[in-house]
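> Just the structure for this:
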Amino acid sequence: MCNDLQIPNRPVTTRTLYTWTSSTQNPVSSARRAFRDALHEAGVPAEATSDAVLAVSELAANATEHATGPYEMSLHRVGTQLICEIHDHDPRIPAAQDAARPSPDRRTGPDGPDADSDGLSVRGRGLHIVDELTAGAWGFRLPGDGRKSAWMAVPLMASPASSAMSRRVSEAAVVISACGTA
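Prediction:
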């Protein structure tokens, strides 16, 4: 997992795609729909959209289940990428669990209700899925305002027919460090 997103101190125009609270009905499906629409508007090819939408779905579900709201999904363009961020109000960075190893916890262990038929935990795989779907271009950052942001990058295909999205968001110098998963 890559956790190093550094945004310089100059303003970045960010488009808020969706906001929700813990009492919002079906927030993850609504987040998926808003993100899919924004990617379509930005001209992201359909084959890249499906993986990106699944990854953002995992990040939105993770925030909704494990962090304090309210929640916000935002998008901004950086060079040839769109950066999607899911913001919550829990400053703790989650640790990705080893999904291939059964949990020793009784509730989620081999005999617990969260185990599948081969005794492996069916929970704790979301961040691994995000890592695979984004080829490691994701992570967390703490903006210093008591919130946490889970982010992921979506590559754009450069084309002369740029979308309305690319006209509405500004370019910014953002360094996303290239780091692999452990």
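
> Could you pull out the strands in the chain for me?
5-6, 15-20, 71-78, 81-88, 138-141, 148-155, 175-176 (DSSP state E).

> Could you list every helix and strand in contact with the second one?
Helices and strands in packing contact with strand 15-20 are listed as helix 27-42, strand 71-78; criterion 3 or more C-beta pairs under 8 Å, 6 or more residues apart in numbering; DSSP states H and E. Where C-beta positions appear, they are placed from N, C-alpha and C, glycine not excepted.

> Show me the strands paired with the shortest one, marking each as parallel or antiparallel.
Spelled out, it's strand 71-78. Sheet pairing for strand 71-78, assigned by DSSP bridges, gives strand 15-20 (antiparallel), strand 81-88 (antiparallel).

> quick check: angle from the last one to helix 27-42?
Right, strand 81-88. Between strand 81-88 and helix 27-42, the angle comes out at 160 degrees (axes from the mean of the first three to the mean of the last three C-alpha atoms, to 10 degrees).

> same thing with the first one?
In this structure, strand 15-20 runs at an angle of 170 degrees to helix 27-42, with the same axes, to 10 degrees as the basis.

> C-alpha coordinates for strand 15-20, CSV please?
Output of strand 15-20 as CSV, limited to C-alpha atoms (Å, rounded to 0.1, in the frame of the first residue of the first chain):
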residue,chain,number,x,y,z
ARG,A,15,-15.1,18.7,-6.7
THR,A,16,-17.3,17.2,-4.0
LEU,A,17,-19.1,14.2,-5.6
TYR,A,18,-21.1,12.9,-2.7
THR,A,19,-21.6,13.4,1.1
TRP,A,20,-23.3,11.1,3.5
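
> Residue 46: how many residues sit nearby?
9 (other C-beta atoms under 10 Å).

> meant to ask about residue 95, not that
Residues near residue 95, counting by other C-beta under 10 Å, number 9.

> any idea of the pLDDT on it?
pLDDT, residue 95: 74.

> returning to what we had before: same list (the strands of the chain) but as TSV, adding mean pLDDT, distance to residue 125 and mean neighbour count.
Listed next are these as TSV, based on pLDDT from 0 to 100; distance: least, C-beta to C-beta, whole Å; neighbours: other C-beta atoms under 10 Å:
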stretch	mean pLDDT	distance to residue 125	mean neighbour count
strand 5-6	46	23	16
strand 15-20	95	23	18
strand 71-78	93	21	22
strand 81-88	94	18	23
strand 138-141	93	15	22
strand 148-155	93	16	22
strand 175-176	30	24	15
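
> To residue 56, which of the ones you listed lies closest?
Residue 56 lies closest to strand 81-88 among the strands of the chain, at 5.6 Å (C-beta to C-beta).
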